[in-house]
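Undergrad: here you go, sequence then predicted model.
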Amino acid sequence: MTIETTDAAAFAQRVRANQQALAAGLTRSYDFIVCGSGSSGSVVARRLAEDLNVRVLLLEAGGSDDTASVAEASAWRSNLGSERDWDYRTEPQAGATGRRLPMNMGKVLGGGSSINAMYWVRGHQSDWDHFAEETADPGWNHESVRQIYRRVEDWSGEPDPSYRGSGGLAFVAPVRLQPVGHALCESAEEAGIARFGSLNGAMTETAEGCAPSEFRIREGRRLSIFRSYLYPCMDQPNLTVLTQARVLRINLDGRRAVGVRVAVNGSVLDIAAGHEVVLSLGAVHTPQVLMLSGIGDEAELRRVGLDVRQHLPGVGRNFQDHCNFTGSEWEMRAPMEVSGVAQAMMFWRSRDELDNPDIQIFQLLNYRASVTQLPSQQNFMTLMQVLVRPKSRGYLRLTGAGPLDPVAIHANVLEHPDDAKALVSAMKFCRSLGASRAFAPFLRRESLLRGVADSALTETLRGCASTIWHQSCTARMGRDAMSVVDGTLRVTGFDNLRIADASVMPRITSGNTMAPCVVIGERCAALIKAAN
């Protein structure tokens, strides 16, 4: 056993002993209560607990992340549908042939960052500038957010001090490209798309580009946001992390949040917050808890028999997600190393008149989403297309007034006709990539779409389209009547109540949402510290 292993084991024992003692001595009042331990909540709790003079309580509905399926990055798909996943389904989707699509969400310490594939994608410059425009707050613009990313990153690729950071809490590494990964970058260049050395550097400011994928993985081990941010502080006496604790509602005194009601260990407790309550429960549960607390559209609240504390019609509206198609596949000429994550990644415009990318393309080896219902195949490459600028908007509805009554997710996937058009354009573009000179040594022939005419691609798309579980935008920030929080993430009409998770996005970011959620958490913690 190495010294490093011995130190880790000793620290783990201190954490267990400390958290057991804190849970046994659970009090009815803390300075801050953070609800949810995902990619924003873990950040907020960590930053607040850095002040040893304040007491922080973090509540997580799921259980421990201490399991091999979480720790081993390659096993991420085994968590889907397990006890670590809320495992929701949408309502039947008219735009996807009436299917109920999977809505996987982390129900475990670390939230989505404990069950996802660990892609680190910052979002496009235009995303963050849109946030700043919606809130009239330059603290959300691309330049401000770029500095946050530089501060939190520990980048292990080629140094790029203008864009990439070192020594931060978030270790990020580029994938080691296999020859077929280089072929995608070369095929992109054949198509006139620039090749970049870093996915999250200058490429975030361009209309199109291709680069090696980047991950929060070290030596095959997952680095969840919880493990990087919060776990190292869990031996502190001022930080209590309570698992199997489901938040039922926010306790309000007039227009002030004074605590939460939580179900834990078979009991229902009211716990007070001396300063602030932060909801970081994700784009489904954050609006659910708001509505159960009487905050939402008054007609919707009254429909299920809830009293209205504040009419906020935007709660649960503006639902957005990234729709995807994984059927662009090619049989390979020779076996290659199996990989469940993308070799290279491309951002592309489906129409020349667009100023910014609306399609994200993942290159995957021997990976197939189960939604295609196709027979197993041993050696194939997939170019998965993801719509990162959807025009479709969905909504959430309560099915009852109880906290355990399910939320109906009306995702409205591919409802807007432009969304299907963009993805069909991407399917055609990927066909051209697969037929490029760069791929000739690797690919034998197209598989799933072989023989499918261009005129039938829309029908094929609607029958196979799914989601990569980036639920967002259901409590969006802004300044209009449909906004739920302002630029400081305060819930409209209330003191001491903020939201920090993907639900506050006014528009979903271009790419995977874990990294943007870290920024949201960092911004929330900084705003709280400035106000308290």
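TA: Arrived safely.
Undergrad: mind listing what's buried in the longest helix seen in the chain?
TA: Selection of the longest helix in the chain by residue count, based on DSSP state H, yields helix 3-24. When burial is assessed from 16 or more other Cβ atoms under 10 Å, helix 3-24 yields the following buried residues: 15, 18, 19, 22. Using the backbone N, CA and C atoms, a C-beta is placed for each residue, glycine as well.
Undergrad: what helices or strands is it leaning on?
TA: If you count contacts as 3 or more Cβ pairs under 8 Å, 6 or more residues apart in numbering; DSSP states H and E, helix 3-24 packs onto strand 239-242.
Undergrad: could you dump the strand it packs on to PDB, C-alpha only?
TA: Provided in PDB are the C-alpha atoms of strand 239-242 (Å, rounded to 0.1, in the frame of the first residue of the first chain):
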ATOM      1  CA  LEU A 239     -20.200  21.100   6.900                       C
ATOM      2  CA  THR A 240     -22.900  18.500   7.300                       C
ATOM      3  CA  VAL A 241     -23.700  16.400   4.200                       C
ATOM      4  CA  LEU A 242     -27.000  14.500   4.700                       C
END
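Undergrad: check which helices and strands it sits against.
TA: Judged by 3+ Cβ pairs under 8 Å, 6+ apart, strand 239-242 is in contact with helix 3-24, helix 41-49, strand 56-59.
Undergrad: partners of that strand in the sheet?
TA: When pairing is defined by DSSP bridges, strand 239-242 lines up against strand 56-59 (parallel).
Undergrad: what does the following helix or strand past the partner strand rub up against?
TA: Using DSSP states H and E, the helix or strand that follows strand 56-59 in sequence is helix 68-71. With contact meaning Cβ atoms under 8 Å, 6 or more residues apart in numbering, helix 68-71 is reached by 65, 75-76, 78-79, 82, 84, 108, 110, 114-115, 221-222, 224.
Undergrad: can you redo those residues as a markdown table with distance to residue 448?
TA: Rendered in a markdown table, the data for the contacts of helix 68-71 read as follows (distance: Cβ to Cβ, whole Å):
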| residue | distance to residue 448 |
| --- | --- |
| 65 | 35 |
| 75 | 26 |
| 76 | 23 |
| 78 | 24 |
| 79 | 26 |
| 82 | 28 |
| 84 | 30 |
| 108 | 33 |
| 110 | 34 |
| 114 | 31 |
| 115 | 27 |
| 221 | 33 |
| 222 | 30 |
| 224 | 33 |
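Undergrad: out of those, what pair is the most spread apart?
TA: Of all pairs drawn from the contacts of helix 68-71, the one with the largest separation by Cβ to Cβ is 82 and 221; the distance is 18.9 Å.
Undergrad: quick one, strands of the stretch 51-200 of the chain?
TA: 56-59, 88-89, 102-103, 153-155, 170-174 (DSSP state E, counting those that start in this stretch).
Undergrad: which of those strands sits closest to residue 456?
TA: For these, the distance to residue 456 is smallest for strand 102-103, at 24.9 Å, taking Cβ to Cβ.
Undergrad: right, and the strands of the stretch 51-200 of the chain - which one's nearest residue 417?
TA: When the strands of the stretch 51-200 of the chain are compared for distance to residue 417 using Cβ to Cβ, the nearest one is strand 102-103, at 23.2 Å.
Undergrad: are there helices or strands packed against that closest one, and which ones?
TA: For strand 102-103, the helices and strands in contact under the criterion 3+ Cβ pairs under 8 Å, 6+ apart are strand 88-89, strand 466-467.
Undergrad: any idea which of these scores lowest on pLDDT?
TA: Within these, the stretch with the lowest mean pLDDT is strand 466-467, showing a mean of 92.
Undergrad: what sits up against the helix or strand just after it?
TA: Following the chain from strand 466-467 toward its C-terminal end, the next helix or strand by DSSP H and E is strand 497-499. With contacts defined as Cβ under 8 Å, 6+ apart, strand 497-499 is touched by 250, 257, 276-280, 286, 475, 484-485, 488-491, 524, 527-528.
Undergrad: angle of the biggest strand by length in the chain against helix 41-49?
TA: Using DSSP state E, we find that the single longest strand of the chain is strand 267-279. Between strand 267-279 and helix 41-49, the angle comes out at 80 degrees (axes from the mean of the first three to the mean of the last three Cα atoms, to 10 degrees).
Undergrad: this protein: helices as residue ranges?
TA: In the chain, the segments counted as helices under DSSP H are 3-24, 41-49, 68-71, 125-135, 142-152, 179-190, 225, 282-292, 298-303, 417-434, 457-464, 514-531.
Undergrad: redo those helices as JSON lines? Include mean pLDDT and distance to residue 351.
TA: Converted to JSON lines, those look like this (pLDDT from 0 to 100; distance: least, Cβ to Cβ, whole Å):
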{"stretch": "helix 3-24", "mean pLDDT": "89", "distance to residue 351": "51"}
{"stretch": "helix 41-49", "mean pLDDT": "98", "distance to residue 351": "36"}
{"stretch": "helix 68-71", "mean pLDDT": "96", "distance to residue 351": "40"}
{"stretch": "helix 125-135", "mean pLDDT": "98", "distance to residue 351": "15"}
{"stretch": "helix 142-152", "mean pLDDT": "98", "distance to residue 351": "23"}
{"stretch": "helix 179-190", "mean pLDDT": "95", "distance to residue 351": "18"}
{"stretch": "helix 225", "mean pLDDT": "98", "distance to residue 351": "35"}
{"stretch": "helix 282-292", "mean pLDDT": "98", "distance to residue 351": "28"}
{"stretch": "helix 298-303", "mean pLDDT": "98", "distance to residue 351": "36"}
{"stretch": "helix 417-434", "mean pLDDT": "97", "distance to residue 351": "7"}
{"stretch": "helix 457-464", "mean pLDDT": "94", "distance to residue 351": "16"}
{"stretch": "helix 514-531", "mean pLDDT": "98", "distance to residue 351": "25"}
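Undergrad: CSV for these, including distance to residue 447?
TA: Written out in CSV, the entries for those read as follows (distance: least, Cβ to Cβ, whole Å):
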stretch, distance to residue 447
helix 3-24, 45
helix 41-49, 40
helix 68-71, 29
helix 125-135, 34
helix 142-152, 38
helix 179-190, 15
helix 225, 36
helix 282-292, 34
helix 298-303, 45
helix 417-434, 10
helix 457-464, 13
helix 514-531, 31
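Undergrad: now for those helices, which one comes closest to residue 315?
TA: Closest of the helices of the chain to residue 315 is helix 282-292, at 4.9 Å (criterion: Cβ to Cβ).
Undergrad: make sure residue 61 is actually in contact with residue 248.
TA: No. With contacts counted by Cβ atoms under 8 Å, residue 61 stays clear of residue 248, the gap being 10.4 Å.
Undergrad: the more surrounded of these two?
TA: Under the neighbour definition other Cβ atoms under 10 Å, residue 61 and residue 248 were set side by side, and residue 61 has more, 22 against 18.
Undergrad: residue contacts, that one?
TA: Each residue near residue 61 by Cβ under 8 Å, 6+ apart is listed here: 36, 107, 244, 245, 246, 247, 281, 285.
Undergrad: tally of neighbours for the last one?
TA: Using other Cβ under 10 Å as the criterion, residue 285 is surrounded by 26 other residues.
Undergrad: likewise for the second one?
TA: Residue 107 is flanked by 23 other residues according to other Cβ under 10 Å.
Undergrad: kindly report the same for the first one.
TA: One way to gauge burial is a neighbour count; for residue 36, by other Cβ under 10 Å, it gives 28.
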